[in-house]
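Chemist: Pasting the sequence and the predicted coordinates here, then a few questions.
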Amino acid sequence: MDFSDILLPDVKNDIDFWIKKYPARDLKAGAKVTRLPPSPTGFLHIGALYMGLINKRIARDSGGIFILRIEDTDNEREVPGARELIIKGLKQYGLESDEGPTAGNYGPYLQSERVDIYQSFAKDLIKRGLAYPCFMTHEELSAMRKEQEAEKVRPGYYGKYAKWRDAPKEKTEEALKNKTPFVLRFKSNGDQNTKQPFKDEFLGDLQVPQNDEDFPILKSNGIPTYHFAHVVDDYLMGTNFVIRGEEWLSSVPKHLDLWRAFNWQVPAYGHVMPLNKQEGSTVRKISKRKDPEANFEMYAKTGYSEDAIIGYLYRLANPSFDDWWQAPENLSNKKLSVRDFPFSIEELKRGGRGPLLDMKKLDSISGDIIAKMSGDVISQKMIAWAESNDPEFANVAKNNLEYFNQVLSIERDAENPRKDIVNWSQGVSQVNYFFDEYFDAKKAKQILVADLVDENRLNTVMKDLVQTLSDDSYYTENSLENWVENIKKLATMVGFAVDRKAYKEAPDKFKGDFALFMKTIRVGVTGRDRTPNLFYVLKVLGKDRVLSRLKQIS
RNA sequence: GGCCCUAUCGUCUAACGGUUAGGACGGAGCCUUCUCAAGGCUUAAAUCAGGGUUCGAUUCCCUGUAGGGUCACCA
């Protein structure tokens, strides 16, 4: 007796209907059709970005198609808005799909809208005796698992534990009559103890056991499980290269079973080691729930550019990224973008455990990228970042845009530009003292008193500086050499030693050496003891700000 | 625990079976210097252990160990 109509009464089309509806793709030889199948269970994971980058580049470089498929078959874990967040995030990082929820002829690309498709294929399996209903409850299932554990056998629904596999027709009929909920299970003929060869594009030739589990392909709500949806979708969508995380490797036997059941050609598979994180002494896969660095939004919030992230991910995928990126001609080429990286599939072919996320390396790449930018561009990007993350600063900067551009141009449009900004939040704290709103006179005074012995002396020095630095030449002089000459004269006038030897011989005769003199000015006008060259700092700050700040301190 | 994957500096990784085991990030030091940043130079730092095979093993094989993954009506 064929139960397929009772089991799946709503199925209207047979599988040929669907297979005809989605004809084979007409692509040039070697074109790879890849896909990214995120499930909308929260924010876009950095690992998804990583997989997206690899999938997209492989598709693009081969003249193929990169598909985005939303795997929303688990309505329990689905988070509202997550789908939009994924699409937006991919776009933001330049990883738009060629086909996906918004475009493409092989859709729908939301699995929740493909239920009729899956059911057609499931029904086909039932008719061919390759799938059957199982009426076991969760309780029965977990009791069985406990029993198996007690018996020290492999837990699972297989062999003699597959209770409904060969159930008498009457029993099934009765359960059906009582409207008992059921899952549809795949009827496997495999043997766990028999190994089969499996070629992984990245890991090489592997031996994996055959699958012998009668795993569910349709849940009791009629929605497919991942395994089933994966095979049906990737067949219908013409995927010919499945690139996914290594965590899927152990379900390869199930998928192989399914491909064979339909007699479809198995696509190429490539498993990539997932991104890890070090926590104490243990290393683990980066987790959405526990790790803030898993969330791509964290990077945007900290102020890492999309390119920095992409560059870093390229680096993880292709270790030769460094050689390319740091080649002298590339490093000095300000037009070069990380997006120009000649990606190589070959370099994905390597073992090793999954890489640990290394923020220092990210900083290094990010710093290089920012060093390629002109002051104006940095200013613009920093303000854009600040508008949503530090509105107060954004306002200040916008109100003094011309000035801010000058600040960020200091030592930056040079052959060897400054490399002191690695992200926008750190960048803001690096330069904000140029604005009076962020100048901290109290802190400046604190630092200076410690260096200049006492407050009286500090006040004298400040007064002297106010007087002498009122000369325009300190702000208008265009030659660094001349400026230094002048400032040295000034140092002498105010009572500091310019000559190292003289100071060494009789330190008491001076208020300090030239370094201290410069530090005094530096801290006095910026509140910081680390700034770019004072020559530029004074020029950009301008006389009015300099004098007013010095007065504030004294 | 079963099964699967993996194993080179702290991190990411190179090395037809023959190298003083290379590079990058990070660290340390020096030079330059008004402090940083940058730049230049130098430096410390690794083949998980034990057996084979071989003239020769980081590389091939076995065992052990360690790490990771996976064992759901989640993906």
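Modeler: Cool, the structure landed.

Chemist: Tell me how many other residues surround the residue of the stretch 51-200 of chain A found nearest RNA strand B.
Modeler: Closest to RNA strand B within the stretch 51-200 of chain A is residue A:71: 3.0 Å, counting by C-beta to the nearest atom of the strand. Just so you know, the C-beta spots here come from the backbone N, C-alpha and C atoms, and that holds for glycine as well. Neighbour count of residue A:71, defined by other C-beta atoms under 10 Å: 19.

Chemist: and it, what does it touch?
Modeler: Contacts for residue A:71 (C-beta atoms under 8 Å, 6 or more residues apart in numbering) come out as A:37, A:38, A:39, A:40, A:111, A:226, A:229.

Chemist: Swap in 10 Å and give it another go.
Modeler: A:36-41, A:109-112, A:226, A:229-230, A:233 (C-beta atoms under 10 Å, 6 or more residues apart in numbering).

Chemist: Show the model's pLDDT score for it.
Modeler: Residue A:71 is assigned a predicted lDDT (pLDDT) of 94.

Chemist: same thing with the one 4 residues further on?
Modeler: Note on residue A:75: pLDDT of 81.

Chemist: so it makes contact with residue A:222?
Modeler: No. The pair residue A:75 / residue A:222 is not scored as a contact, 11.8 Å apart, by C-beta atoms under 10 Å.

Chemist: Please report the distance of the residue of the stretch 51-200 of chain A closest to RNA strand B from residue A:419.
Modeler: Going from residue A:71 to residue A:419 by C-beta to C-beta, to the nearest Å gives 41 Å.

Chemist: Just say helix, strand or coil for residue A:271.
Modeler: Put simply, residue A:271 is strand when judged by DSSP: H, G, I helix; E, B strand; the rest coil.

Chemist: Residue A:97 and residue A:103 touch, don't they?
Modeler: Yes. Contact between residue A:97 and residue A:103 holds when scored by C-beta under 10 Å: they sit 8.0 Å apart.

Chemist: any residues in contact with both of these two?
Modeler: With C-beta under 10 Å, 6+ apart as the test, residue A:97 and residue A:103 both reach A:68, A:109.

Chemist: Looking at those two, which one has more neighbours?
Modeler: Remark: of residue A:97 and residue A:103, residue A:97 carries more neighbours, 25 against 12, as counted by other C-beta under 10 Å.

Chemist: Now do the contacts for the residue lying closest to the more buried one once chain neighbours are set aside.
Modeler: Setting aside the residues directly before and after it, residue A:97 is nearest to residue A:68 in space (C-beta to C-beta, 6 or more residues apart in numbering), at 3.5 Å. Listed by C-beta under 10 Å, 6+ apart, the contact set of residue A:68 reads A:35-38, A:52, A:55-56, A:86-87, A:90, A:95-104, A:109.

Chemist: Mind checking which of those land in helices?
Modeler: Taking DSSP state H as the definition of helices, the contacts of residue A:68 contribute A:52, A:55, A:56, A:86, A:87, A:90.

Chemist: on that earlier part again, select, from the contacts of residue A:71, the two members most distant in space.
Modeler: The most widely separated members of the contacts of residue A:71, counting by C-beta to C-beta, are A:41 and A:233 (18.1 Å).

Chemist: more neighbours, the two?
Modeler: Neighbour count, other C-beta under 10 Å: between residue A:41 and residue A:233, residue A:233 has more, with 22 against 16.

Chemist: how far away is that one from residue A:121?
Modeler: Residue A:233 is 10 Å from residue A:121, by C-beta to C-beta.

Chemist: Overlap in contacts, the two.
Modeler: residue A:224.

Chemist: starting at the chain centroid, how far to stretch A:231-244?
Modeler: Relative to the chain's own centre, stretch A:231-244 is displaced by 24 Å; criterion: C-alpha atoms, centre = their mean, to the nearest Å.

Chemist: what's the span of that stretch from first residue to last?
Modeler: Stretch A:231-244 has its terminal residues 14 Å apart, counting by C-alpha to C-alpha, to the nearest Å.

Chemist: Make a markdown table out of the ones in helices among the contacts of residue A:68 and add neighbour count, pLDDT and distance to RNA strand B.
Modeler: Shown next, in a markdown table, are the ones in helices among the contacts of residue A:68 (neighbours: other C-beta atoms under 10 Å; pLDDT from 0 to 100; distance: C-beta to the nearest atom of the strand, whole Å):
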| residue | neighbour count | pLDDT | distance to RNA strand B |
| --- | --- | --- | --- |
| A:52 | 28 | 95 | 14 |
| A:55 | 28 | 96 | 15 |
| A:56 | 22 | 96 | 19 |
| A:86 | 26 | 92 | 12 |
| A:87 | 20 | 93 | 16 |
| A:90 | 24 | 94 | 16 |
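
Chemist: Name the nearest of those residues relative to residue A:375.
Modeler: Proximity of the ones in helices among the contacts of residue A:68 to residue A:375 (C-beta to C-beta) peaks at residue A:90, which lies at 30.8 Å.

Chemist: residues touching the closest one, list them.
Modeler: Contacts of residue A:90 (C-beta under 10 Å, 6+ apart): A:36, A:38, A:44, A:48-49, A:52-53, A:56, A:66, A:68, A:96-97, A:100, A:296.

Chemist: Just the helices from the stretch 151-300 of chain A, written as ranges.
Modeler: Along the stretch 151-300 of chain A, the segments classed as helices by DSSP state H, counting those that start in this stretch run A:169-177, A:226-236, A:252-262, A:296-302.

Chemist: Please spell out which residues along the first one are buried.
Modeler: Looking back up the chat, that one is helix A:169-177. A:172, A:175 (16 or more other C-beta atoms under 10 Å).

Chemist: mean confidence for that helix?
Modeler: The pLDDT scores in helix A:169-177 average 90.

Chemist: For it, output the C-alpha coordinates as PDB.
Modeler: Extracted C-alpha coordinates of helix A:169-177, given in PDB (Å, rounded to 0.1, in the frame of the first residue of the first chain):
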ATOM      1  CA  LYS A 169       1.200  -1.600   7.300                       C
ATOM      2  CA  GLU A 170      -1.600  -1.900   9.800                       C
ATOM      3  CA  LYS A 171       0.400  -0.100  12.400                       C
ATOM      4  CA  THR A 172       1.200   2.800  10.100                       C
ATOM      5  CA  GLU A 173      -2.400   2.800   9.000                       C
ATOM      6  CA  GLU A 174      -3.600   3.000  12.600                       C
ATOM      7  CA  ALA A 175      -1.200   5.800  13.500                       C
ATOM      8  CA  LEU A 176      -2.300   7.700  10.400                       C
ATOM      9  CA  LYS A 177      -5.900   7.200  11.300                       C
END
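
Chemist: For that helix, name the packing helices and strands.
Modeler: Helices and strands touching helix A:169-177, by 3 or more C-beta pairs under 10 Å, 6 or more residues apart in numbering; DSSP states H and E, are helix A:4-7, strand A:131-134.

Chemist: which outside residues touch that helix?
Modeler: A:1, A:3, A:6-7, A:132-135, A:163-164, A:167-168, A:180-182.

Chemist: hang on, the earlier thing: now distance to residue A:143 too, for the contacts of residue A:90, in JSON lines please.
Modeler: Output for these, formatted as JSON lines (distance: C-beta to C-beta, whole Å):
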{"residue": "A:36", "distance to residue A:143": "39"}
{"residue": "A:38", "distance to residue A:143": "35"}
{"residue": "A:44", "distance to residue A:143": "39"}
{"residue": "A:48", "distance to residue A:143": "37"}
{"residue": "A:49", "distance to residue A:143": "42"}
{"residue": "A:52", "distance to residue A:143": "42"}
{"residue": "A:53", "distance to residue A:143": "45"}
{"residue": "A:56", "distance to residue A:143": "46"}
{"residue": "A:66", "distance to residue A:143": "45"}
{"residue": "A:68", "distance to residue A:143": "41"}
{"residue": "A:96", "distance to residue A:143": "48"}
{"residue": "A:97", "distance to residue A:143": "44"}
{"residue": "A:100", "distance to residue A:143": "42"}
{"residue": "A:296", "distance to residue A:143": "42"}
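
Chemist: In strands, which of these appear?
Modeler: Those of the contacts of residue A:90 mapping onto strands are A:36, A:66, A:68, per DSSP state E.
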